[in-house]
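Undergrad: just the structure for this:
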Amino acid sequence: MELNEIQQLVAWLEASGMRSLELNRPGECLRLKVPGSNPARVADPDGVSGRSTPAAAGAKPVALAEAAGIFLAAHPMRNAPFVKIGDTVRKNDVVGLLKTGLIYAPVTAPIEGVVSKIVATNGAMIGFGSPVLELDPGSAG
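TA: Residues are numbered from 1 along each chain as shown. All right, here's what the predicted structure looks like:
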């Protein structure tokens, strides 16, 4: 990849508000991260999943897309959504799916809590790190 191509990609990242980009080609891998474009974030408390949740004052924990794809609120073979506002979820419960090509990947709850807002629209294309839903922390018992 040429330097001018990389410079153009950085400019597009900064203009779009995206935090990062990864390109893979045979024999090449390019990862770009734009400094200062991320809101304050804290890692998953267990440090296992790599997921992040907003840490800004007053911000609620969110489930984030771990890949780009089409967000599905329900399994394709079912009508009922995985979760609704007011539902209680446990950490790692499936709260949606991301469809990328023929692959369906789960979107999981990062903590125990109550679903307070569903951010992603069913059937919409979302990017890596996009918020899917907000949670009010609390016991899922």
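
Undergrad: setting aside sequence neighbours, what's the nearest residue to Ser130?
TA: Spatial nearest neighbour of Ser130, chain neighbours left out: Ala65 (4.6 Å); criterion: CB to CB, 6 or more residues apart in numbering. Every C-beta, even on glycine, is put in place using the N, C-alpha and C of the backbone.

Undergrad: residues near that neighbour, how many?
TA: Residues within reach of Ala65, counting by other CB atoms under 10 Å, total 20.

Undergrad: quick one, what contacts the closest residue to Val95 other than its chain neighbours?
TA: In space, and not counting its chain neighbours, Val95 is closest to Val83: 4.9 Å by CB to CB, 6+ apart. By CB atoms under 8 Å, 6 or more residues apart in numbering, the contact list for Val83 reads 73, 89, 93, 95-96, 115, 118, 133.

Undergrad: before we move on, the earlier item: so the residue nearest to Ser130 touches Phe128, yeah?
TA: Yes. Contact criterion CB atoms under 8 Å: Ala65 and Phe128 qualify, at 6.1 Å.

Undergrad: any weak-confidence spans in the protein?
TA: Within the chain, the segments meeting pLDDT under 70 span 13, 15-19, 34-59, 139-141.

Undergrad: can you show me the helices along it?
TA: Ranges of helices in the chain, per DSSP state H, are 3-16.

Undergrad: ok, Gln8 - contacts?
TA: By CB under 8 Å, 6+ apart, Gln8 has no neighbours at all.

Undergrad: I'd like the distance between it and Leu21.
TA: Per CB to CB, to the nearest Å, Gln8 is found 11 Å from Leu21.

Undergrad: one more: Met77?
TA: Counting by CB to CB, the gap from Met77 to Leu21 is 34 Å.
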